[in-house]
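Asker: predicted model follows, preceded by the sequence.
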Amino acid sequence: MSAAATAGTYSPASAAGEKRRERKEELRRHLAEDADWPRADGRSFHDCRPAFMQTGPTTAASGSAYAEFGKTKVIVSVFGPRESKKAMLYSDTGRLNCNVSYTTFATPIRGQGTDNKEYSAMLHKALEGAVMLHTFPKTTVDVFALVLESGGSDLPIIISCASLALADAGIMMYDLVTSVSVSCFGKNIIIDPTSDEEAWQDGSLMVAYMPARKEITQLTLTGEWSDGKITNAVELCMDACSKLCDILRERLKDASSLAE
Amino acid sequence: MESRKPPPSALVDNHVVPGDVVLDLAEMTNQTIKLGAGLRQDCDTIQATSAGRLRLSKPSKYWVESSQKRYIPSVEDTVLGVVVDTKPDNFLVDIKGPNLAFLPVLAFEGGTRRNIPKFEIGTLIYARVVKANSIMNPELSCMDATGKAAEFGQLKDGYMFDTSTGLSRMLLSSPTCPILEALGKKLSFEIAVGLNGRVWVNAPSPSNVIVVSNAIIKSESLSGIGQRSMVESLLERLS
C-alpha cells in the first residue's frame, strides 16, 4: 500500500529536472548541426522576450520599478539623494551606491544566484555615465536591485529596470539607459538568451546604451568572437536597446500622467 | 535688427523623459531663454534631465514639472519640517531633502538671545527656506520677508502626513484646488501645506481630521470632477 503510494507520488523537482535535461540535450544536438533551430519559447534568433515594466511598486522608496522579461523578474528600489555617512570625506559630486541581490528562490537550485558583487559593480559602471552626479554633492543615491526569478539575461534587465527606477525617483539623468545581451552559438547570434541558452553559449556580449545620446555606457564581452560578428552583435543590441527605451518612455509618461 | 520671439517648444504641456530634446537652439538667434529645473543645454539643444511635464512661463522660461517623494530645497519655498536635533545656535530640521536644514534660534519674530524658543525633538514647524544651495545645508526662517512671524512657527495638535511634491503644489495652486474648495464648504478645518510634500490638518473633531486627510491623499490621482464627487460621497457617509 505504502509502496504503491510512494510510486504514484508526483515529484515536481525531478520532473522539472528531467525537462531541463531534455531541453539541454536538444540544444546540444542543434548546436552540433550548427543550423537554425527553434528556441524553447518559440522566438526567432533576433526576437526579445515579451517585456512588462512598471514604476512605483515600492511605496517606501524614492523611486522604484518592476520588470518582467519572460521568466526573469526584477524589482529595483532607489533611495535618496540622502546624506552620506559622516565618516565619508566631502565630495563635490554625489555618490551612486549599487547593490544587486538574489532571492533564495530565484534559481532552480536554492541559493545559487550569480556573484552579487560583480553584478553590483557592473550595474554601477553602466549607470554612472548616465546619472548627473554633480547635481547632488555630499549625498548618496542607493540603488537596490532584487532578482525575484532568474530566467536568463539578468544583468541587462537589472540595468534597464534601475534606469527606470532612477527616472521615477527624479534623479537627474543625461538619458535613460537600456541594456540587452546576445549569445553566440557557432555562427548564430541570438538575442536576449534564457538561462538554458546561456549555459551552452560560446560567447556573450552585453551592451548598456543611451539611445538619445547614442552612447554606450558599458560593453561586456566573454568567449570567442570574430570582428565581424562583434559588429553585428553590437548593432543588434543597440537596435534592441532603442526599442526597449520606447517602452521605458511610455511607462514614465503613464506614471506621470497618473500622478496628475 | 528685429528680434523675433522664440517659437514655443512643441512639447510644452506634454510629458518628457531624460534625453528628450525640448528645443533646438540652432533655429534661434539673439534670444534669451531661461531654463528651470529638469532641463540642461547640450551644444545646440535643450534636453530634459528628469521625467515630468514640460512647462512654459511667458515669455521664455522653460522647466520640467514633476512629482516626487523627495524634495529639493528652493529659496522662498514654504515647508513643514520636523525638529530632529537641537544645537546652541541652530535647530536641525528634517524637510525631506537630501540634507537636514538649519533653523537659527534667532530666526523668529523678535528673536534674541534671551527669548530663544524651546523646541523638543519631534516638534513640527512651518517655515520658509531662505538659503538653498546644493553644497550647503538649507537654512530656514520662521519670519516672512518683513520680519513678522506671519503664519510661520510651531504647529500644535493636528495631524501631519506625507504626500508627493506634486500633490502639495496642487494644493497650493491658485485658484483653490477643487478638493479643498469642496471640503471647505462643508467642514471647518485648518491646513498647512509644505512644498516639501507634507500636509498638516487640524479640525475640531478627530473624524473631520480623518476625512480631510483621507480625501487629500486620495485626490492625487483624480480629476477636479472626481475630487468633488469623492468629497460628496465621503460627507454623505459622515452625516
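Answerer: Noted; the coordinates are in hand. As the structure is a computational prediction, the values presented were derived from the model and not from experiment.
Asker: list phi and psi for the residue nearest to the spatial centre of chain B.
Answerer: Within chain B, the residue whose C-alpha comes closest to the C-alpha centroid is residue B:195; the distance, by C-alpha atoms, centre = their mean, is 1.6 Å. Taking degrees, to the nearest 10, you get phi -70, psi -10 for the backbone angles of residue B:195.
Asker: for residue B:152, give its distance to residue B:82.
Answerer: Relative to residue B:82, residue B:152 is positioned 15 Å away (C-beta to C-beta, to the nearest Å). Yep, even glycine has a C-beta here, placed from its N, CA and C like the rest.
Asker: looking at these two, which one has more neighbours?
Answerer: Neighbour tally, residue B:152 and residue B:82, criterion other C-beta atoms under 10 Å in any protein chain shown: the higher count belongs to residue B:152, 21 against 16.
Asker: any idea how far residue B:122 is from the residue nearest to the centre of chain B?
Answerer: Residue B:195 is 21 Å from residue B:122, where distance means C-beta to C-beta.
Asker: not counting residues beside it along the chain, what's closest to the residue nearest to the centre of chain B?
Answerer: residue B:77 (4.4 Å; C-beta to C-beta, 6 or more residues apart in numbering or on different chains).
Asker: burial measure for the one residue in chain B that gets nearest to chain A, as a count.
Answerer: When distances are taken as C-beta to the nearest C-beta, chain B reaches nearest to chain A at residue B:19, 3.1 Å away. Taking other C-beta under 10 Å as the criterion, the count of residues near residue B:19 is 22.
Asker: so who does the residue of the stretch 51-200 of chain A found nearest chain B touch?
Answerer: Among all residues of the stretch 51-200 of chain A, residue A:175 sits closest to chain B, at 3.4 Å; criterion: C-beta to the nearest C-beta. Shown here is residue A:175, whose contacts under the criterion C-beta atoms under 8 Å, 6 or more residues apart in numbering or on different chains are A:130, A:210, A:211, A:212, A:213, A:215, B:18, B:19.
Asker: surely it is in a strand?
Answerer: No - counting by DSSP: H, G, I helix; E, B strand; the rest coil, residue A:175 falls outside a strand, being coil.
Asker: show me the shaky parts of the chain.
Answerer: Picking chain A for this. Counting by pLDDT under 70, chain A shows low-confidence ranges at A:1-38, A:41, A:85-90, A:110-117, A:187, A:200, A:258-260.
Asker: wrong one, I was asking about chain B
Answerer: Along chain B, the model assigns pLDDT under 70 to residues B:1-9, B:27-31, B:58, B:113-114, B:237, B:239.
Asker: spell out which parts of it neighbour chain A.
Answerer: Contact residues of chain B with respect to chain A, defined by C-beta under 8 Å from any C-beta of the partner chain, are listed as B:15, B:17-21, B:38, B:40, B:47, B:49-53, B:66-70, B:98-100, B:134-135, B:164, B:166, B:220-221.
Asker: give me the buried positions along stretch A:180-192.
Answerer: In terms of neighbour count (16 or more other C-beta atoms under 10 Å in any protein chain shown), stretch A:180-192 has its buried residues at A:180, A:181, A:182, A:183, A:184, A:185, A:188, A:189, A:190, A:191, A:192.
Asker: just to revisit the earlier point, burial measure for the residue nearest to residue B:195, as a count.
Answerer: Taking other C-beta under 10 Å as the criterion, the count of residues near residue B:77 is 21.
Asker: contacts only, for it.
Answerer: Each residue near residue B:77 by C-beta under 8 Å, 6+ apart is listed here: B:128, B:129, B:132, B:194, B:195, B:196.
Asker: pick out the most distant pair among those.
Answerer: Considering C-beta to C-beta, no two members of the contacts of residue B:77 lie farther apart than B:132 and B:194, which are separated by 14.1 Å.
Asker: which one's more surrounded, those two?
Answerer: Just comparing residue B:132 and residue B:194: by other C-beta under 10 Å the higher neighbour count belongs to residue B:194, 28 against 18.
Asker: what's around the closest residue to the more buried one other than its chain neighbours, how many residues?
Answerer: Using C-beta to C-beta, 6+ apart and skipping the chain neighbours, the partner closest in space to residue B:194 is residue B:80 (3.5 Å). For residue B:80, the tally of surrounding residues (other C-beta under 10 Å) stands at 25.
Asker: ok, residue B:80 touching residue B:191?
Answerer: No - taking contact to mean C-beta atoms under 8 Å, the distance of 10.9 Å between residue B:80 and residue B:191 leaves them out of contact.
Asker: joint contacts of the two?
Answerer: Common contact partners of residue B:80 and residue B:191 (C-beta under 8 Å, 6+ apart): B:199, B:200.
Asker: quick one, domains of chain B?
Answerer: Taking automatic domain parsing as the domain assignment, the ranges for chain B are B:15-65, B:78-154, B:159-238.
Asker: how distant is the last one from the center of its chain?
Answerer: Centroid separation between domain B:159-238 and its chain, computed with C-alpha atoms, centre = their mean, to the nearest Å, is 15 Å.
Asker: check the second one too.
Answerer: When C-alpha coordinates are averaged (C-alpha atoms, centre = their mean), domain B:78-154 and its chain have centres 16 Å apart.
Asker: from residue B:49, how far out is residue B:18?
Answerer: When distances are taken as C-beta to C-beta, residue B:18 and residue B:49 turn out to be 6 Å apart.
Asker: coming back round to it: and the contacts of residue A:175, which of them are buried?
Answerer: Using 16+ other C-beta under 10 Å as the burial test, the contacts of residue A:175 include A:130, A:210, A:211, A:212, A:213, B:18, B:19 as buried.
Asker: so of those, which ones are in strands?
Answerer: When DSSP state E is applied, the buried ones among the contacts of residue A:175 are split such that residue A:210 fall in strands.
Asker: can you turn the buried part of the residues of chain B next to chain A into a PyMOL selection?
Answerer: Remark: buried members of the residues of chain B next to chain A, expressed as a PyMOL selection using 16+ other C-beta under 10 Å:
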select buried, chain B and resi 15+17+18+19+20+38+40+47+49+50+51+52+53+66+67+68+69+70+98+99+100+134+164+166+220
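Asker: the residues of chain B next to chain A in helices, which ones?
Answerer: residue B:166 (DSSP state H).
Asker: so the residue most central in space within chain A is in which element?
Answerer: A centroid search over chain A (C-alpha atoms, centre = their mean) returns residue A:157, at 2.1 Å, as the residue closest to the centre. Applying DSSP states H and E as the criterion places residue A:157 in helix A:154-168.
Asker: circling back: and the contacts of residue A:175, which two are furthest apart?
Answerer: In these, the most distant members under the criterion C-beta to C-beta are A:215 and B:18, with 13.0 Å between them.
Asker: name the element residue B:157 belongs to?
Answerer: Using DSSP H and E, residue B:157 falls within no helix or strand.
Asker: give me the distance between it and residue B:194.
Answerer: 17 Å.
Asker: so what's residue A:193 closest to, chain neighbours aside?
Answerer: residue A:183 (4.1 Å).
Asker: can you confirm residue A:39 is in a helix?
Answerer: No - looking at residue A:39 with three-state DSSP, it is coil, so not inside a helix.
Asker: quick one: neighbours of it, just the number.
Answerer: Residues within reach of residue A:39, counting by other C-beta under 10 Å, total 19.
Asker: you'd agree it is up against residue A:190?
Answerer: Yes - because the distance of 7.1 Å satisfies C-beta under 8 Å, residue A:39 is recorded as touching residue A:190.
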